[in-house]
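Asker: Compute the structure for the input listed below.
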Amino acid sequence: MDQSTVADRVEQVKQVFMEAASPEEAKQLKKYFRVAPGQYGEGDVFLGIRMPKIRSFMKDFKDLTLDDLDLLVKNPNHEIRVFSLLMMCEKYKKGSKEEKEEIGELYLKNKEYVNNWDLVDCSAHIVLEHRIKKDDPLLDELSKSQSMWDRRIAMLATFCKIKKGDFEPAINVALTLLGDKQDLIHKAVGWMLREVGKRDVALLKAFLEEHIDEMHNVTFRYATEKLSSSEISKLKKKKQKL
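Answerer: A predicted model of the protein is given here:
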């Protein structure tokens, strides 16, 4: 690391993003991420930079510190927050046990800025992996939070375990969130259940049959996306009888 200060390095990142900004793209992204009053992304600010471009900047800032990322994740510009979270993920993947714990704590300290679905989805399943264990209350706390984004973090964080064949965390969080009122939670629960089903279809079917009466239609649709039409029809008939 050179002798530049945290403020210098953060300013360098911000300058790169400002130079890449596109007002036309920003208009499209604002619509896509629902930033109008009353929508889930209300008030978020976009520069108009797509994900591939954001990722391309990462190679030029490999030496950013956690102090740098702590400032960047608080930035009002959505794309800079994305960048900070992606950098946390890269550091986490290469970090020691102690470094992973430090990154996880940094993430949780700043989770109020992880406040749109793409921010959650690109990060939660990576930087919280060390916290997804039976004796850790984190998932329970997040899944019962008043914050929709905390609840989505809880659901998406289980993806790391799903990929390794451990479905219990996802099933437990899904059970907690089945009665949620928010569409983005319905989708997250259905998505993670679908991922479970890709690896254990019998478990998915058993879960659906047992809890179909508690499940929002969006969750059901997402969860059954990979099932055959006949399997879906059979489950729908069961739901209609309830």
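Asker: And Lys93, how far from Ser233?
Answerer: Applying C-beta to C-beta, to the nearest Å, the value for Lys93 to Ser233 is 42 Å. Where you see a C-beta, it was placed from the backbone N, CA and C, and this is true even at glycine.
Asker: Buried residues in stretch 17-34, which are they?
Answerer: Of the residues in stretch 17-34, 17, 20, 25-26, 29-30, 33 count as buried by neighbour count, 16 or more other C-beta atoms under 10 Å.
Asker: any idea of the pLDDT on Gly95?
Answerer: In this model, Gly95 is scored at 97, pLDDT.
Asker: mind listing what the residue nearest to it when sequence neighbours are not counted touches?
Answerer: Excluding its sequence neighbours, the residue lying closest to Gly95 (C-beta to C-beta, 6 or more residues apart in numbering) is Ile103, at 6.4 Å. Counting by C-beta atoms under 8 Å, 6 or more residues apart in numbering, Ile103 makes contact with 66, 88, 91-92, 95, 127.
Asker: Doesn't Ile103 lie inside a helix?
Answerer: Yes: for Ile103, which was evaluated using DSSP: H, G, I helix; E, B strand; the rest coil, the result is membership in a helix.
Asker: Show me what the worst-scoring helix or strand of the chain on mean pLDDT is packed against.
Answerer: Ranked by mean pLDDT, DSSP states H and E, the helix or strand of the chain with the weakest confidence is helix 229-241, at a mean of 83. If you count contacts as 3 or more C-beta pairs under 8 Å, 6 or more residues apart in numbering; DSSP states H and E, helix 229-241 packs onto helix 201-211.
Asker: Any chance you could list what contacts stretch 174-187?
Answerer: Contacts with stretch 174-187, where a contact means C-beta under 8 Å, 6+ apart, come from 40, 117, 140, 143-144, 148, 151-152, 154-155, 188-189, 192-193, 207, 211, 214-216, 218-219, 222.
Asker: Let's see which of the residues you listed end up in helices.
Answerer: With helices identified by DSSP state H, the entries of the contacts of stretch 174-187 that belong to them are 117, 140, 143, 148, 151-152, 154-155, 188-189, 192-193, 207, 211, 218-219, 222.
Asker: so where is this protein shaky, pLDDT-wise?
Answerer: Counting by pLDDT under 70, the chain shows low-confidence ranges at 1-3, 239-242.
Asker: domains in it, as residue ranges please.
Answerer: Dividing the chain into domains by automatic domain parsing, as the record does, gives the ranges 1-116, 134-242.
Asker: In contact with Val114, which residues?
Answerer: With C-beta under 8 Å, 6+ apart as the criterion, the residues that contact Val114 are 73, 81, 85, 107, 120, 123-124, 149, 153.
Asker: Please flag which of these sit within helices.
Answerer: Among those, the members falling in helices are 81, 85, 107, 120, 124, 149, 153 (criterion: DSSP H).
Asker: can you pull the buried residues of the least confident helix or strand of the chain?
Answerer: Judged by neighbour count using 16+ other C-beta under 10 Å, the buried positions of helix 229-241 are 232, 235.
Asker: Kindly report the same for stretch 48-66.
Answerer: Counting neighbours by 16+ other C-beta under 10 Å, one finds that the buried residues in stretch 48-66 are 48-49, 54, 57, 61, 64.
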